[in-house]
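A.B. asks: sequence-free structure coming up:
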């Protein structure tokens, strides 16, 4: 989910406590905002803190003017073989910036069936990821390197690197293969039930109500993320592995993000009215008007627009998801 969706979800959770609503209305308390802070805090901890403490063993930092895809592929293959022989190995994939709004894209594909790492230099793109026509450097071709170890992508077999700082990958042997872990510093301890409990205890230093609001805001964030593909490390420190998500949505999908924000706003308004001195809203017609009618119109319009639009390819969906994860809190 986007940051705004997580934030507003946390605020919505806080409004289910009448004491929180009354404190905000009568004492100008910040307790409702505290729920939003809890809702956005897990990603903030990752993208503003945890990523900078990740140890990097190899860097793929190509020359923007003359990238060498073969050398890039060989570096990744060497890192995977080292991981298969011993400890986990982390590789940082750097971007190729050519100007204020100009980047050179490249793709890394892990072909598990052929046992190869393939690097392809792509087109020039803007910061909005709009490619320039006929800008792919055909002369550079692609780089291929064999890996003397079975590989197992745990997120997506192809990683697209184009704008901002670029993603990190960790190669770690599990059983008879090397797992390829995307953004290894993301959704670990910061997306655990332990963190939600810890935040609840921290908030309880102010009052039990503050503890509930802060802890539940973080918990809602973690559960929302579990609906996606990457999953979270729910049971840290008992395990250091992310539990795969339910794969019901993508973090950058417009409709799930819009629905989350809209539903949160509907609940906030309803709870503020419900806990007021003179409630005005009748629940049944209120939810029919605010939920069923708008969503029938939105889904109908989306269906009509999609009839004349080419469906997104699996590759395009994967690229979108990678970008959303990599720049979620940038």
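C.D. replies: Cool, got the structure. Just so you know, these numbers come straight off a predicted model, no measurement behind them.

A.B. asks: now the helices for this protein?
C.D. replies: Assignment of helices within the chain using DSSP state H yields the ranges 3-14, 18-26, 31-48, 69-85, 193-203, 208-225, 254-274, 283-287, 293-307, 314-326.

A.B. asks: quick one: list the elements packing against the first one.
C.D. replies: Same thing as helix 3-14. For helix 3-14, the packing partners by 3 or more Cβ pairs under 8 Å, 6 or more residues apart in numbering; DSSP states H and E come out as helix 31-48, helix 208-225, helix 254-274. In this view, the C-beta of every residue, glycine as well, is placed from N, C-alpha and C.

A.B. asks: one step back: out of the helices of the chain, which comes closest to residue 239?
C.D. replies: The closest of these to residue 239 is helix 193-203. By Cβ to Cβ, the value is 11.3 Å.

A.B. asks: angle of the closest one against helix 31-48?
C.D. replies: For helix 193-203 against helix 31-48, the angle by axes from the mean of the first three to the mean of the last three Cα atoms, to 10 degrees is 130 degrees.

A.B. asks: ok, the nearest residue in space to residue 8 that is not next to it in sequence to residue 142 distance?
C.D. replies: Distances taken as Cβ to Cβ, 6 or more residues apart in numbering place residue 264 nearest to residue 8, at 4.2 Å, with adjacent residues excluded. Distance of residue 264 to residue 142, computed by Cβ to Cβ, to the nearest Å: 45 Å.

A.B. asks: neighbour count winner among those two?
C.D. replies: Ranked by neighbour count (other Cβ atoms under 10 Å), residue 264 and residue 142 place residue 264 first, with 24 against 15.

A.B. asks: outline the domain layout of the chain.
C.D. replies: For the chain, automatic domain parsing gives the domain ranges 3-51+189-326, 55-182.

A.B. asks: next one: the residue lying farthest from the centre of the chain from residue 30, what distance?
C.D. replies: In the chain, counting by Cα atoms, centre = their mean, residue 278 sits farthest out from the average C-alpha position, at 41.3 Å. Using Cβ to Cβ, we find residue 278 at a distance of 25 Å from residue 30.

A.B. asks: tell me what the nearest residue to residue 150 once chain neighbours are set aside is bridged to.
C.D. replies: Nearest non-adjacent residue to residue 150, counting by Cβ to Cβ, 6+ apart: residue 177, 4.0 Å away. Beta-bridge partners for residue 177, by DSSP bridges, are residue 174.

A.B. asks: contacting residues around residue 177?
C.D. replies: If a contact means Cβ atoms under 8 Å, 6 or more residues apart in numbering, then residue 177 has 149-152 as its contacts.

A.B. asks: ok, 7 Å please
C.D. replies: Residues near residue 177 by Cβ atoms under 7 Å, 6 or more residues apart in numbering: 150-152.

A.B. asks: report the contact partners of residue 125.
C.D. replies: 103, 105, 131, 162.

A.B. asks: from those, which is closest to residue 300?
C.D. replies: Nearest member of the contacts of residue 125 to residue 300, counting by Cβ to Cβ, is residue 131, at 32.6 Å.

A.B. asks: okay, now residue 289: neighbour count?
C.D. replies: Look at residue 289: counted by other Cβ under 10 Å, it has 12 neighbours.

A.B. asks: how about the one 3 residues further on?
C.D. replies: Counted with other Cβ under 10 Å, the burial measure for residue 292 works out to 10 neighbours.

A.B. asks: if we can go back for a sec, need the helices and strands packed on helix 3-14 in CSV (columns: mean pLDDT).
C.D. replies: Below are the helices and strands packed on helix 3-14 laid out as CSV (pLDDT from 0 to 100):
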stretch, mean pLDDT
helix 31-48, 97
helix 208-225, 97
helix 254-274, 94
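
A.B. asks: and of those helices, who's closest to residue 12?
C.D. replies: helix 254-274 (3.9 Å).

A.B. asks: what helices or strands is the closest one leaning on?
C.D. replies: helix 3-14 (3 or more Cβ pairs under 7 Å, 6 or more residues apart in numbering; DSSP states H and E).

A.B. asks: pull the residues that contact the helix it packs on.
C.D. replies: 20, 31-32, 34-40, 43, 213, 216-217, 220-221, 224, 257, 260-261, 264-265, 267-268, 328-329.

A.B. asks: centre of the chain to it, how far?
C.D. replies: For helix 3-14, the separation from the chain centroid amounts to 16 Å (computed by Cα atoms, centre = their mean, to the nearest Å).

A.B. asks: hmm, back to that, can I get the helices of the chain in TSV including distance to residue 181?
C.D. replies: Listed next are these as TSV, based on distance: least, Cβ to Cβ, whole Å:
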stretch	distance to residue 181
helix 3-14	23
helix 18-26	39
helix 31-48	14
helix 69-85	10
helix 193-203	20
helix 208-225	16
helix 254-274	24
helix 283-287	42
helix 293-307	34
helix 314-326	12
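
A.B. asks: before I go, just wanted to say thanks for your time.
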